[in-house]
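Provided below are the primary sequence and the corresponding predicted coordinates.
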Amino acid sequence: MAEVIVVRNQEEAGEIYGRAVADLIKAKPDAVLGLATGSSPLAAYQALAKIVKDESIDVSKVRGFALDEYIGLPLTHPQSYHATIHRTVVEPLGLNPANVHVPGDVLNGAPLEDGDKIKAAGPAYDAAIEAAGGIDVQILGIGTDGHVGFNEPGSSIASGTRIKTLVEQTRIDNARFFDNDINQVPTHCITQGIGTILKARHLVLLAFGEGKAEAIAETVEGGVSAFCPASALQLHPHATIIVDEAAASRLRHKDYYKYAYSHKPAWQGI
C-alpha cells in the first residue's frame, strides 16, 4: 500500500518533498528527477529551490525528465511544457538546461502529420530514461478523473511513452492557459505511460482541494483499474501520496494514515 501523508497545506507538502529530494541529491549528485507541470508541484519545486540555495547544494549534475508535452506547439511557446519546466524548475533550481529533457524536445514542434518523427519519439524517450539509469523520484499530480500525466481513464497500465488524443474536457480545462480559446489548445500530446511512470524508484503524488478527494479515494482505496490510472500506484513498492485535509476527506482510513505517519521513525524519511 502507498504511504499516505495528510498535511495542513501545500507548503507543508512542498517541504516534505523538498527535503527528501535535497537529501537524495546530496547522496547522489547526478540524481534523475521526474518532473511534472501543473499547479500541484509548484510549492514542492519552490521548497526544493530554497533548500538548494540555503544549503549550497551542487545541482550541476542533476538530470530531469518531464512527464509530457503537447504535440504541435513550438518549444518556445510559453504554454509548451518545455518552456514551463524551464520556467518553474530549471531556472529556480539552477539546473543545467542541457540535463533536463521533455518528451517533445525531439519533435521540436513537429506537426501531427509528421508521422515518422512522432511515432519514434515515445520509444526514444523511454530509451533515454533507461540510458540515464532510470528516474529516482517522480513527482506527480492527479486529475479529478484520476489521470496522471496525460494518461486519461482507459489508459493501459502497461503503457510506455506514446502519443495520446486529449479528451475534450482536458482541452476545455486547459483553455484558460490559451486565452480561454479552446481552438488554440492542441488536440494531441506525448506522455510517459503508466508503465514508464511505474519504473521510477520512488513516486510522490501531490493533491490538494476537495475536487481531488474522489480521485484520491479511488487511487488509494479503490481497485486497481485503467479507469483510474493513478490507482496503478498501488502496484509500486515505494509510492508516497501527500494530500491536504480536503483531498483526504473521502479516505476511509484517514485516521490510520495519520497515526502511522506520526509514529514513523524520522530516519525512514519518505
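Sure, I can see it. Note that the structure is predicted; figures quoted are calculated from it, not measured.

so who does the nearest residue to His188 once chain neighbours are set aside touch?
Counting by C-beta to C-beta, 6 or more residues apart in numbering, His188 lies nearest to Ile71, which is 4.1 Å off, once chain neighbours are set aside. For glycine as for every other residue, the C-beta is placed from the backbone atoms N, C-alpha and C. Ile71 makes contact with 104, 107, 110-112, 118, 163, 186-190, according to C-beta atoms under 8 Å, 6 or more residues apart in numbering.

Equivalent analysis for Asp58, please.
Applying C-beta under 8 Å, 6+ apart, the residues near Asp58 are 25, 29.

From Glu91, how far out is it?
The gap separating Asp58 from Glu91 is 17 Å, by C-beta to C-beta, to the nearest Å.

Which strand or helix spans the closest residue to Glu210 other than its chain neighbours?
In this structure, Glu210 finds its nearest non-sequential neighbour in Ala246, 4.3 Å apart by C-beta to C-beta, 6+ apart. Using DSSP states H and E, Ala246 sits in no helix or strand.

How many residues are close by Asp116?
Residues lying near Asp116 (other C-beta atoms under 10 Å) number 8.

What are the contacting residues of stretch 261-270?
Identification of contacts with stretch 261-270 by C-beta under 8 Å, 6+ apart yields 3-6, 16, 19-20, 23, 204, 240.

Would you mind listing the buried residues in the helix or strand of the chain with the lowest mean pLDDT?
The helix or strand of the chain with the poorest confidence is helix 168-174; it has a mean of 86 (mean pLDDT, DSSP states H and E). Using 16 or more other C-beta atoms under 10 Å as the test for burial, helix 168-174 gives 170-171, 174.

quick one, helices of the stretch 1-150 of the chain?
10-27, 42-54, 81-85, 91-93, 115-131 (DSSP state H, counting those that start in this stretch).

Likewise for the stretch 151-270 of the chain?
Counting by DSSP H, counting those that start in this stretch, the helices of the stretch 151-270 of the chain are 168-174, 194-197, 213-221, 254-262.

tell me the most buried of the ones you listed?
Ranked by mean neighbour count under mean count of other C-beta atoms under 10 Å, the helices of the stretch 151-270 of the chain are led by helix 194-197, which reaches a mean of 24.

What lies in contact with that one?
Contacts for helix 194-197 (C-beta under 8 Å, 6+ apart): 34, 67, 126, 129, 138, 140, 148-149, 151, 155-161, 203, 229, 232.

Determine how far that helix lies from the middle of the whole chain.
Centroid separation between helix 194-197 and its chain, computed with C-alpha atoms, centre = their mean, to the nearest Å, is 11 Å.

can you check stretch 204-221 too?
In this view, stretch 204-221 has its centroid 14 Å away from the chain centroid, taken as C-alpha atoms, centre = their mean.

hey, C-alpha coordinates of that stretch in PDB?
Provided in PDB are the C-alpha atoms of stretch 204-221 (Å, rounded to 0.1, in the frame of the first residue of the first chain):
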ATOM      1  CA  VAL A 204       5.500  11.200  -5.000                       C
ATOM      2  CA  LEU A 205       1.900  12.200  -5.800                       C
ATOM      3  CA  LEU A 206       0.600  15.500  -4.600                       C
ATOM      4  CA  ALA A 207      -3.100  16.500  -4.400                       C
ATOM      5  CA  PHE A 208      -4.900  19.400  -2.800                       C
ATOM      6  CA  GLY A 209      -8.500  20.500  -2.500                       C
ATOM      7  CA  GLU A 210     -11.900  18.800  -2.300                       C
ATOM      8  CA  GLY A 211     -12.100  18.500  -6.000                       C
ATOM      9  CA  LYS A 212      -9.400  15.800  -5.800                       C
ATOM     10  CA  ALA A 213     -11.000  13.900  -3.000                       C
ATOM     11  CA  GLU A 214     -12.800  11.300  -5.000                       C
ATOM     12  CA  ALA A 215      -9.800  10.600  -7.300                       C
ATOM     13  CA  ILE A 216      -7.600  10.200  -4.200                       C
ATOM     14  CA  ALA A 217     -10.000   7.800  -2.600                       C
ATOM     15  CA  GLU A 218     -10.100   5.700  -5.800                       C
ATOM     16  CA  THR A 219      -6.300   5.800  -6.100                       C
ATOM     17  CA  VAL A 220      -5.600   4.700  -2.600                       C
ATOM     18  CA  GLU A 221      -8.500   2.600  -1.500                       C
END
